[in-house]
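*Asks:* One predicted model, sequence on top.
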Amino acid sequence: MLVSAGNPDIRQAVKEDSGTLKKLQLLVPGLRGYRRSEDIRIADELLRNQVADKLDLARSNLDSLRKQMVNNNDFTNLTALGGVMSQIQQLAGEVRHSQQGYSGLAASISITQEVLNRLYEYDYAFVDSAVQLLNSTMPSSFVYDPNAPNNVQNLITRLQSAVSDIKQKWSVRLENVEQILQK
């Protein structure tokens, strides 16, 4: 359902046309009322904290892998793995502690259904990429074999790509929120 320019209450349209919103809610527990309430800044903080938590968990999973590697005297990929872990930790801190992007949106800025849907798309892409990274670091997704260091190299390559993807989606999300705030 598209909202007409004369309809100031977009919450009903969001409720009726919430395909991406429902996907986002499935990925991040606790977002049932995401952006429906008047306080968009709190919803933004919740979203960012949930993503940062997922990134922290992914880094923790990689720390377990690093310990397995050290215990097996496999030092060939420690530097590369440490670099990925550092990138994930830095990104988690940036996401968690960045300025709240939606500040002021509920006040004097008019948000159309189209703009709101774009924000949902950016949020979904951002959260989904973090979930994918976390899933790729889960012990059930990767079994360390000390006799096959190439497996770790392949994982590191995939993780570097996943971190780059999250950073790009985070950047796009921030740019678009800033564009809305500048209008």
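*Replies:* That came through fine. Numbering: from 1, shown residues only.

*Asks:* Which elements pack onto the helix or strand hosting Gln179?
*Replies:* Assigned by DSSP states H and E, Gln179 belongs to helix 149-182. Where contact means 3 or more CB pairs under 8 Å, 6 or more residues apart in numbering; DSSP states H and E, helix 149-182 is packed against helix 40-71, helix 78-97, helix 113-137. (Glycine included, C-beta is placed from N, CA and C.)

*Asks:* Please identify the most buried of those.
*Replies:* With neighbours defined as mean count of other CB atoms under 10 Å, these peak in mean count at helix 113-137, which reaches a mean of 20.

*Asks:* Arg173 touches Tyr122, doesn't it?
*Replies:* Yes - Arg173 is within contact range of Tyr122, at 4.3 Å (criterion: CB atoms under 8 Å).

*Asks:* still on that earlier bit, what comes up buried for the helix holding Gln179?
*Replies:* Of all the residues in helix 149-182, those buried under the rule 16 or more other CB atoms under 10 Å are 149, 152, 155-156, 158-159, 162-163, 165-167, 169-170, 173-174, 176-177, 180.

*Asks:* Settle this for me: Ala162 is touching Leu134, isn't it.
*Replies:* No - in this structure, Ala162 is not within contact of Leu134 by CB under 8 Å, at 9.4 Å.

*Asks:* Minimum distance to Tyr144: which of the helices and strands packed on helix 149-182 has it?
*Replies:* helix 40-71 (4.7 Å; CB to CB).

*Asks:* What is that closest one packed up against?
*Replies:* Under the contact rule (3+ CB pairs under 8 Å, 6+ apart), helix 40-71 is packed against helix 78-97, helix 113-137, helix 149-182.
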